[in-house]
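# Task: produce atomic coordinates for the following.
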Amino acid sequence: MTHTVRVLRSLVALACCATAGVAMAQDFTVHGYVDMRAGWAGDETAWNDGGLGKTRFGEGGFLSGGAALAARWQLSPALSAATQLQWLPDQSPSAGILDAYLNYRPVSTTPWRWSVRAGAFFPPISLENDAIGWTSAWTLSPSAIDTWVGEELRTVGTEVRLEHRGEGVTVQATGAVFRGNDPAGELLASRGWALGDFTAALDARMREPDVLAPLTGTSAPVRYRPFDEIDGRLGWYAGMTLDASGRGRAALLYYDNRADPSAEEELGGRDVYAWRTRFWSAGGQRRFGDVSLVAQAMHGSTAFEPVPGLLLDTRFNAGYVLAAWERGAWRPAIRLDAFQTRQLPESLSDPLDEHGNALTVALNWRPVEWMRLTGEWLRIDSHRDQRLLEGLPARQVDRQIQLNLRLLY
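Residues are numbered from 1 along each chain as shown. Have a look, this model is predicted:
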């Protein structure tokens with residue numbers, strides 16, 4: 001039984017105990033959606049099919065779908081429980097839990113307020129994905145930053161928040177300790193950045209490019225579990241947020257999983273290593289009338305040590321700027337991404353370096369609360385040396401067009 005499964009079972013037991021101590025839950029809500037989409041993508045094989053493509057889908061026309069459900073219980077005025085479930089047909093397994101946690105936030109009559117949550121949840125990095133199923137209200141494909149967060153980062157631990165509500169500005173400090181997430185960084189190093197709404201469930205097995213199979217002494221598909229605990233060490237993150245009521249928001253966070261880069265586990269006939277992943281994330285939101293501007297940047301590194309004395313270190317950077325308009329039932333949005341990775345030491349014969357940019361244009365139409373129709377065009381221009389190992393040009397331009405119907409409830 002994995003550590004994540006044990007944590008989730010403990011959460012269920014704790015929620016039952018909390019419910020038994022309350023005569024009746026104050027509030028219980030369930031929301032969800034069902035997705036139906038069609039589209040076209042370029043000729044490069046998508047990364048989750050074992051290729052080196054940068055989009056979720058690849059190789060011509062496609063039909064797909066998905067669903068998510070978010071439930072929240074207000075067990076008492078101070079205690080609540082929340083979980084999100086997902087069905088994604090191109091994930092292994094296709095159904096799973098995205099997050100599940102308890103949150104304790106006592107009532108405060110002073111400007112100071114604190115809260116603590118425990119369980120499995122997304123670290124507070126995204127400025128885009130705040131809708132059901134950790135999705136964006138503006139685009140189908142999140143930024144390169146949030147694509148990676150959804151694929152490889154999840155907190156299984158405890159987070160504490162302290163906030164001060166001032167005259168028009170709320171300042172919040174956040175800190176967390178967690179287990180698991182030791183392999184996080186492997187996909188970023190082995191595949192590089194990508195853009196797509198492929199969010200990993202807690203028990204998901206993520207696929208790496210097939211070109212890696214000979215290098216790992218195994219056969220394709222090559223998979224790993226990004227949220228496993230390998231070395232028994234705790235990770236942590238800390239951050240600060242300034243929220244100026246209705247005018248804007250700024251956030252800063254530092255993350256360190258404190259993984260031992262030489263620790264490993266066996267999975268599917270190969271060694272899966274712990275990756276020491278550390279990064280800074282900074283971003284902000286600003287609203288001007290019916291226009292919202294969002295910008296974010298990330299800088300960090302991820303490293304593992306396959307043999308003593310050989311530390312393979314991937315330095316990574318990414319950022320984006322997004323603008324979205326609210327025009328009644330219409331919400332157009334445009335986003336520009338830039339990303340880069342650099343593998344050290346430079347003496348490697350085939351370093352997995354890359355750089356690139358992406359342009360996303362989306363148009364949302366929501367004539368009623370329970371329906372959203374989204375069209376999206378995505379263009380990713382990237383140069384990745386790894387493609388040379390497959391006999392492809394290092395530079396590729398990936399394009400993807402999607403039309404998505406989302407029914408909400």
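# Only C-alpha atoms from now on, for both contacts and neighbour counts.
OK.
# what about E152, how many neighbours?
Other residues near E152 come to 24 when the count uses other CA atoms under 10 Å.
# With the one 4 residues further on instead?
Look at V156: counted by other CA under 10 Å, it has 30 neighbours.
# Just the element for it, please.
V156 belongs to strand 155-165 when assigned by DSSP states H and E.
# Could you do W148 as well?
For W148, the host element (DSSP H and E) is helix 144-152.
# in that helix, what's buried?
By neighbour count on 16 or more other CA atoms under 10 Å, the buried set for helix 144-152 is 144-152.
# And for stretch 397-409?
Neighbour counts over stretch 397-409 (16+ other CA under 10 Å) mark 397-408 as buried.
# Look at L348 and tell me its secondary structure.
coil (DSSP: H, G, I helix; E, B strand; the rest coil).
# For G309, see how far away it is.
According to CA to CA, to the nearest Å, L348 stands 14 Å off from G309.
# before we move on, the earlier item: check which helices and strands the next helix or strand after the strand holding V156 sits against.
Remark: after strand 155-165, the chain's next helix or strand is strand 169-179, criterion DSSP H and E. With contacts taken as 3 or more CA pairs under 8 Å, 6 or more residues apart in numbering; DSSP states H and E, strand 169-179 sits against strand 155-165, strand 235-244.
# mind redoing it with 10 Å?
Of the remaining helices and strands, those touching strand 169-179 by 3 or more CA pairs under 10 Å, 6 or more residues apart in numbering; DSSP states H and E are strand 112-121, strand 155-165, strand 235-244, strand 248-256.
# my guess is G289 meets G248, correct?
No - G289 lies out of contact with G248 (CA atoms under 10 Å); the separation is 11.7 Å.
# Looking at the two, which one has more neighbours?
Taking neighbours as other CA under 10 Å, G289 and G248 compare with G248 leading, 17 against 9.
# Skip the chain neighbours and tell me the closest residue to the residue nearest the centre of the chain.
In the chain, the centroid-proximal residue (CA atoms, centre = their mean) is G150; its distance is 1.7 Å. Distances taken as CA to CA, 6 or more residues apart in numbering place T199 nearest to G150, at 4.7 Å, with adjacent residues excluded.
# name the element that neighbour belongs to?
Judged by DSSP H and E, T199 forms part of no helix or strand.
# What separation is there between it and V149?
Separation of T199 from V149 (CA to CA): 8 Å.
# Please apply the same query to T45.
Distance from T45 to V149, by CA to CA: 22 Å.
# returning to what we had before: which one of the buried residues of helix 144-152 is nearest R276?
Taking CA to CA as the measure, R276 sits nearest to E152 out of these, at 13.0 Å.
# Let me see the contact set for the closest one.
146, 181-188, 199-202, 206, 225-227 (CA atoms under 10 Å, 6 or more residues apart in numbering).
# residues contacting A67?
Contacts of A67 by CA under 10 Å, 6+ apart are 32-36, 85-89, 95, 132-133, 406-408.
# again with R113
So R113 contacts 105-107, 161-165, 172 (CA under 10 Å, 6+ apart).
# Show me which of the residues you listed are buried.
Applying 16+ other CA under 10 Å to the contacts of R113, the neighbour count classes 161, 163-164, 172 as buried.
# Turn those into a markdown table, columns for pLDDT.
Formatted as a markdown table, the buried ones among the contacts of R113 follow (pLDDT from 0 to 100):
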| residue | pLDDT |
| --- | --- |
| R161 | 98 |
| E163 | 97 |
| H164 | 96 |
| Q172 | 97 |
